[in-house]
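Q: Coordinates only, no sequence provided:
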């Protein structure tokens, strides 16, 4: 069985040349991430164009995700680019400071002075620097350094326990949404959403820009945990963004939250991506640490749809080896995945015909030991529902819709197959489905397959038929 967990790889200087991109596609990436915190629209366009050439050469489908920068609250710049902070020294965060020194630095979010009070704890540079707020006046936050170290330009600030009100979508994000639409990306990730309203605003902006991209909510604020149900309702998927999340809630709380978020996503028929430092050591090493191997494997066992690489592939020395190692770890972890479906059907009521057909296909496939499930789908929804449970059977999303072909790349255990336009005759479609599956190496004559299809054919959301067929037995006449 092919690997079910998908791999998202961030593109950057180390992975954007055509030769490396082609090697990454061969190594098994399923989605590339464009980090809109860095680079211009021209840079991103060049990478997307190069990716599409690599896909064509390798005959593989790879989705594209635009990751918005979001309202990262940062300090300003220092006169000498960096300073050294010592424990117990005083330090000031000032709204009106142009160039900082060893005693103070400016803020790119002046409103911070109105959102903290004495007794709050601020964490800078992903928690490496910890400061206690001792007093606040109109323009300055007075702090005492608890944990010091080197602090350089433009490092981020978090408040322990959350509570900062910066809006999820900045002016830059709104412009980047329009750029993402121009690039025809398949997914847009929204940074630091606090509620479903943030995601609904992003969806409206995407629609106005003419994009059908799926929306991913990056869960990295305390408020996002509190409003998880609302965010899931307003999103297509979530990302467990463990870096900023760990800074706000404490690193010890993250493993349990990861499991909770992934489980909630699956229960809401949303996909989940696990991210941040998964193979961090491979930025400079050709092999991962044992802890990283366990981290990736545990995300797979938690049921994540995808695992994500950031600096490892964007700027690391071994981008291809990193993807190859991650693929091996995923495959090994998947061998121990639970494929029992009965417990998932107990006390469940399915009110939609198409969702009931999807569940019936899983149940039949599991008991009849079919070789593959083929979902002839316009929207991809049937394939998504099937992928929420692990039947131990690969799911092939056969579609005539180019958007759906790329959309399903992120779904766990789902593999896109582009169907040629064959009209609206069911028997012709079934014969073509068999031909495509044989051509993809998914099945051989004599294998059992479960096929789902909607009639009238070509109607999104209309899956209403399940057929169990033996490859080679499809009708040869209309």
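A: Received the coordinates, thanks. Nothing here was measured: the structure is a model prediction, and the numbers come from that model. Numbering: from 1, shown residues only.
Q: now the helices for the stretch 151-300 of the chain?
A: 171-183, 196-208, 222-226, 228-234, 242-249, 254-267, 290-302 (DSSP state H, counting those that start in this stretch).
Q: what's the closest of those to residue 410?
A: Residue 410 sits nearest to helix 254-267 of all the helices of the stretch 151-300 of the chain, at 11.7 Å, using Cβ to Cβ. No exception for glycine: its C-beta is placed from N, CA and C like everyone else's.
Q: quick revisit: now the helices of the stretch 151-300 of the chain in JSON lines, with mean neighbour count?
A: Output for the helices of the stretch 151-300 of the chain, formatted as JSON lines (neighbours: other Cβ atoms under 10 Å):
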{"stretch": "helix 171-183", "mean neighbour count": "18"}
{"stretch": "helix 196-208", "mean neighbour count": "18"}
{"stretch": "helix 222-226", "mean neighbour count": "19"}
{"stretch": "helix 228-234", "mean neighbour count": "19"}
{"stretch": "helix 242-249", "mean neighbour count": "22"}
{"stretch": "helix 254-267", "mean neighbour count": "18"}
{"stretch": "helix 290-302", "mean neighbour count": "18"}
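Q: weakest of the ones you listed by average pLDDT?
A: For the helices of the stretch 151-300 of the chain, mean pLDDT drops lowest on helix 242-249, to a mean of 90.
Q: Can you name every helix or strand that it contacts?
A: Under the contact definition 3 or more Cβ pairs under 8 Å, 6 or more residues apart in numbering; DSSP states H and E, helix 242-249 sits against strand 157-159, helix 222-226, helix 254-267.
Q: what about the closest residue to residue 297 other than its chain neighbours, distance to residue 161?
A: Nearest residue to residue 297, sequence neighbours excluded (Cβ to Cβ, 6 or more residues apart in numbering): residue 333, at 4.0 Å. The gap separating residue 333 from residue 161 is 33 Å, by Cβ to Cβ, to the nearest Å.
Q: same check, this time on residue 222
A: Relative to residue 161, and taking Cβ to Cβ, residue 222 is found at 6 Å.
Q: what do these two both touch?
A: Counting by Cβ atoms under 8 Å, 6 or more residues apart in numbering, the residues touching both residue 222 and residue 161 are 248-249.
Q: quick revisit: the more surrounded of residue 333 and residue 161?
A: The neighbour count for residue 333 versus residue 161, taken as other Cβ atoms under 10 Å, is higher for residue 333 (21 against 11).
Q: Kindly state the domain boundaries assigned to this protein.
A: 6-69+167-334, 77-159, 342-470 (automatic domain parsing).
Q: highest average neighbour count across those domains?
A: Mean neighbour count (mean count of other Cβ atoms under 10 Å) peaks for domain 6-69+167-334 among the domains of the chain, with a mean of 20.
Q: Now do the end-to-end distance for it.
A: Taking Cα to Cα, to the nearest Å, domain 6-69+167-334 runs 12 Å from one end to the other.
Q: Now do the strands in the stretch 251-400 of the chain.
A: 271-275, 306-309, 372-376, 395-399 (DSSP state E, counting those that start in this stretch).
Q: Quick one: closest of these to residue 444.
A: Of the strands of the stretch 251-400 of the chain, nearest to residue 444 by Cβ to Cβ is strand 372-376, at 10.5 Å.
Q: Remind me what the closest one packs against, helices and strands.
A: helix 353-368, helix 381-387, strand 395-399, helix 426-439, strand 448-454.
Q: between the fourth one and strand 395-399, how big is the angle?
A: Helix 426-439 and strand 395-399 are oriented at 130 degrees to each other (axes from the mean of the first three to the mean of the last three Cα atoms, to 10 degrees).
Q: I'd like the average pLDDT over helix 426-439.
A: 86.
Q: Compute the inter-axis angle for it and strand 372-376.
A: Angle of helix 426-439 versus strand 372-376, following the same axes, to 10 degrees, is 130 degrees.
Q: re earlier: export the helices and strands packed on helix 242-249 to CSV and tack on distance to residue 121?
A: Below are the helices and strands packed on helix 242-249 laid out as CSV (distance: least, Cβ to Cβ, whole Å):
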stretch, distance to residue 121
strand 157-159, 7
helix 222-226, 13
helix 254-267, 18
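Q: now for those, which one comes closest to residue 214?
A: Per Cβ to Cβ, nearest to residue 214 of the helices and strands packed on helix 242-249: helix 254-267, 12.9 Å.
Q: elements contacting that closest one?
A: helix 228-234, strand 237-241, helix 242-249, strand 271-275, helix 290-302.
Q: Compare the ones you listed and report which one is nearest to residue 446.
A: The nearest among the helices and strands packed on helix 254-267, by Cβ to Cβ, is helix 290-302 at 31.7 Å.
Q: got the angle for that closest one vs strand 271-275?
A: Using the same axes, to 10 degrees: helix 290-302 against strand 271-275 is 170 degrees.
Q: outside of helix 290-302, which residues touch it?
A: So helix 290-302 is contacted by 5, 255, 258-259, 262-263, 274, 278-282, 288, 307, 326, 329-330, 332-334, 336-337 (Cβ under 8 Å, 6+ apart).
Q: Compute the inter-axis angle for that helix and helix 254-267.
A: 30 degrees.
Q: first to last residue in stretch 212-222, what's the distance?
A: The first residue of stretch 212-222 is 29 Å away from its last residue (Cα to Cα).
Q: do the same with stretch 388-399
A: Start-to-end span of stretch 388-399 (Cα to Cα) is 19 Å.
Q: Run the chain-centre distance for it.
A: On the basis of Cα atoms, centre = their mean, to the nearest Å, stretch 388-399 sits 19 Å off its chain's mean C-alpha point.
Q: Could you pull up the mean pLDDT of the longest helix that the chain contains?
A: Ranked by residue count and defined by DSSP state H, the top helix of the chain is helix 41-58. The average of the pLDDT scores along helix 41-58 is 96.
Q: same thing with stretch 407-421?
A: pLDDT averaged over stretch 407-421 gives 92.
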